[in-house]
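In: Provided below for reference: sequence and predicted model.
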Amino acid sequence: MDPRGPTTANLTAPPVALGAVLKRIGPGLIISANIVGSGELIVTTQLGARAGFVLLWFIVFSCVVKVFVQVELGRFTVSEGTTTLEALNRLPGPRPLVSWVLWLWLMMYVGTLFQVSGMLGSIAALFAPRDRAWAHALACLVPAAACALILSRGRYGAVERWATGMVVLFTLSTIAAVLALQWTPYRIGLPQLARGFAFERPETFTVAFAAFGVTGVGASELIFYPYWCLEKGYARFVGPRDDSPEWLARARGWLRVMQVDAWVSMAIYTVGTVCFYLLGAAVLHAKGQEVTGAELVPVLSGMYSEVFGAAGAWVFVLGAFVVLFSTVFVSTASNARLLSDGAALFRVLKDPSPERRRRLVQAGSIGIPLGTALVYLWVGEPVHLVMVGALGQALMLPFLGLAALHFRHRITAPGLRPGSSWTLLLWVAVLGIATVGAYQAGRQLGLIA
């Protein structure tokens, strides 16, 4: 397979009816199926533990607001047939070798690799404490090696289906845990929910800012999403842009498929993310506990034990393993494709032929999990590593929003541009994302108390 996904050579376009929509939905659901990853399991829960219920509104906002940027980036890829990095490289501004935005992306990319490292460390913590050094190292290296082996052999589909089913079960267990809290001392009532939507500011914003970067569709998922649109064949069915009536009809049809995909995905991951936040706010905040590297497993499993008793620890361990491994798996597959694309754009890959790209994707599929596992064994702090990636993604979000606006107003085919209502909501979303980034910068610089 071409690491850039399907080509646009095949112009056969099946009719875009409801049946086609149901068959072709995929990229967003890949995201939602793996949405209970390190961001939700660690960062969102940690935010609930620190802030209590007061930032429930912020979690919902972070899940909903980014879908507008996601759809615009997907719209550009489906209509133009280009990858995300190629699209970002077309933005105006300074070009030291590549667009200035790609240099920002490169820094975020390194941060996301640290995040993968933290996820592997979290998996290791599930099965062996850090004071059992050899067992802990083995519990980190075995999942990394399994991920490398499966991806290098192209066994993506079977693992994706298995992981999706298990993630759904764990998410349903988390929803059940939140509902079952009503029969425990940690009952969530209307006063707590009302406070959650009182739009209060947190005392410390760093964890909230990190959660904003990874909850729902994070910056990395926004960049991955167009690649999966290419993999699923959306751009291939649309064909090369020629602005003909036939091309516009095909493009509008497949864009409707993509939008259904994105909104269904958003509904799924918002429910899951809110449930993780509520568990942290109701149980951990009430106990005065926080999610730290040393106490990661006992603290998080304790949320489930409060509801399910002794079995709660097993529910957590099994569920956490599946969601973390599946997130490492999808992140590695995506990061390997970004590695190939980025190497060509930064001219590290001198001959970016399809075969050379394919080999680089395969090498990345092996090197990324094994390399990030070694980073964790050197650093040894899974929560800190996850936070590095989360903060990097949060810093990238405003620039992705600006890119979406540029594509909407300057490049996207006029016949495919959204109407005034959607454009207004896109502007509101981007301004909201930029405001969060500016607020964090102001706090860090001491300009905002």
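Out: Thanks, I have the structure now.
In: where along the stretch 51-200 of the chain do the helices fall?
Out: For the stretch 51-200 of the chain, helices defined by DSSP state H, counting those that start in this stretch occupy the ranges 56-80, 84-88, 100-127, 133-152, 156-180, 190-196.
In: For Met258, find the nearest of those helices.
Out: Closest approach to Met258 among the helices of the stretch 51-200 of the chain is made by helix 56-80 (5.0 Å; C-beta to C-beta). The C-beta positions use only the backbone N, C-alpha and C, and glycine is treated the same way.
In: for the closest one, packing partners?
Out: helix 84-88, helix 190-196, helix 206-214, helix 219-231, helix 234-238, helix 245-279, helix 382-406, helix 420-444 (3 or more C-beta pairs under 8 Å, 6 or more residues apart in numbering; DSSP states H and E).
In: distance of Ala417 from Leu395?
Out: Rather than Ala, residue 417 is Arg. 28 Å (C-beta to C-beta, to the nearest Å).
In: Tell me which of the two has more neighbours.
Out: More neighbours surround Leu395 than the other of Arg417 and Leu395, with 19 against 16 (other C-beta atoms under 10 Å).
In: re the thing from before, out of the helices of the stretch 51-200 of the chain, name the one with the poorest average pLDDT.
Out: The weakest mean pLDDT among those belongs to helix 156-180, with a mean of 77.
In: buried set for the helix or strand harbouring Val328?
Out: Assigned by DSSP states H and E, Val328 belongs to helix 311-345. By neighbour count with 16 or more other C-beta atoms under 10 Å, helix 311-345 contains the buried residues 312-313, 315-317, 319-345.
In: heading toward the C-terminus, what's the first helix or strand past it?
Out: By DSSP H and E, the next helix or strand past helix 311-345 is helix 354-379.
In: Distance from the chain centre to that next one, please.
Out: The chain centre lies 19 Å from the centre of helix 354-379; the measure is C-alpha atoms, centre = their mean, to the nearest Å.
In: Please name whichever of the helices and strands packed on helix 56-80 is nearest to Leu55.
Out: helix 206-214 (5.9 Å).
In: how distant is the closest one from the center of its chain?
Out: 13 Å.
In: Trp247 versus Arg236, what's the distance?
Out: For Arg236, the distance to Trp247 - C-beta to C-beta - is 13 Å.
In: Let me know the angle separating the helix holding Val328 from helix 382-406.
Out: 50 degrees (axes from the mean of the first three to the mean of the last three C-alpha atoms, to 10 degrees).
In: Look up how far Val383 lies from Arg241.
Out: Where Val383 is concerned, Arg241 sits at a distance of 45 Å (C-beta to C-beta).
In: Compare those two (neighbour count), which wins?
Out: Val383 (21 against 17).
In: Check whether that one really touches Gln46, as I assumed.
Out: Yes. Counting by C-beta atoms under 8 Å, Val383 touches Gln46, with 7.4 Å between them.
In: what residues are shared contacts of the two?
Out: Taking C-beta atoms under 8 Å, 6 or more residues apart in numbering as the criterion, Val383 and Gln46 both touch Val291.
In: Specify the local secondary structure of Asp242.
Out: State at Asp242, reduced to three classes by DSSP: H, G, I helix; E, B strand; the rest coil: coil.
In: Could you measure from Ala441 over to Thr206?
Out: 12 Å.
In: and these two? which has more neighbours close in?
Out: Each of Ala441 and Thr206 has its neighbours counted (other C-beta under 10 Å); Thr206 has more, 17 against 14.
In: Check what pLDDT the more buried one gets.
Out: 81.
In: same check, this time on the one 5 residues further on
Out: Note on Ala211: pLDDT of 82.
In: ok, now which ones touch it?
Out: Gly39, Val43, Thr44, Gln46, Leu47, Phe58, Ile59, Ser62, Ala390.
In: try 6 Å this time
Out: By C-beta atoms under 6 Å, 6 or more residues apart in numbering, the contact set of Ala211 is Val43, Thr44, Leu47.
In: now do Val178
Out: So Val178 contacts Cys275, Leu278 (C-beta under 6 Å, 6+ apart).
In: thinking Gly213 is in contact with Gln393, fair?
Out: Yes. In this structure Gly213 lies within contact range of Gln393 using C-beta atoms under 6 Å: 3.7 Å.
In: which neighbours do the two share?
Out: Common neighbours of Gly213 and Gln393 (C-beta under 6 Å, 6+ apart) are Ala219.
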